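J.: after the sequence you'll find the predicted model.
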Amino acid sequence: MDYLTDPETQQFFAEIRLANERQRRLQQEQEERRRKQAAETAERLAEERRRAATSRLDRDLRAAFFDANPAATEEDFERLWPQIRDDHMRAAASKGATNVFDKIRDEAFEREQETLARRSRFEQLGA
């Protein structure tokens, strides 16, 4: 009897392949659900952190405004709030850009110093 061409054997292996394929698909679906849940959780946590940071920022800016302006009223604050927030965001962005510029400038300076040192060593070898 040839097991490779036997219909019962072929049917048996076809059922095994089908069961394996079902199991593989089930595992893929479960993994996809886990990935989706992890992404949703990460997104939710990031949003919560953003909200908390915004709340702290708003609270701190409000306190700074009233500390700097003891005669200010709530109406003054409400009227000036958009400008206060914009000014703060602009200053923070400017500071961040300055920090990036400083880092780039420092790295360029270090590379230039390394180049000069190599050139000096090379010239000493030739002398």
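T.: Looks like it arrived, so ask away.
J.: helices and strands around the longest helix that the chain contains, which ones?
T.: Longest helix in the chain, counting residues (DSSP state H): helix 7-68. Helices and strands touching helix 7-68, by 3 or more C-beta pairs under 8 Å, 6 or more residues apart in numbering; DSSP states H and E, are helix 74-126. In this view, the C-beta of every residue, glycine as well, is placed from N, C-alpha and C.
J.: what angle sits between the helix or strand bottoming out on mean pLDDT in the chain and helix 7-68?
T.: Between all helices and strands in the chain, the lowest mean by mean pLDDT, DSSP states H and E belongs to helix 74-126, at a mean of 85. Taking axes from the mean of the first three to the mean of the last three C-alpha atoms, to 10 degrees, one finds helix 74-126 and helix 7-68 inclined to each other by 110 degrees.
J.: helices and strands around helix 74-126, which ones?
T.: Secondary structure elements in contact with helix 74-126, counted by 3+ C-beta pairs under 8 Å, 6+ apart, are helix 7-68.
J.: what mean pLDDT does the helix it packs on get?
T.: Averaging pLDDT along helix 7-68 gives 93.
J.: who's in contact with the residue most central in space within the chain?
T.: Central residue of the chain (C-alpha atoms, centre = their mean): Ala46, 9.4 Å from the mean position. For Ala46, the contact set (C-beta atoms under 8 Å, 6 or more residues apart in numbering) is empty.
J.: now for Arg105, how many residues are close by?
T.: 10 (other C-beta atoms under 10 Å).
J.: likewise for Glu75?
T.: Using other C-beta under 10 Å, Glu75 has 8 neighbouring residues.
J.: likewise the one 5 residues further on?
T.: Applying other C-beta under 10 Å, we find 14 residues neighbouring Leu80.
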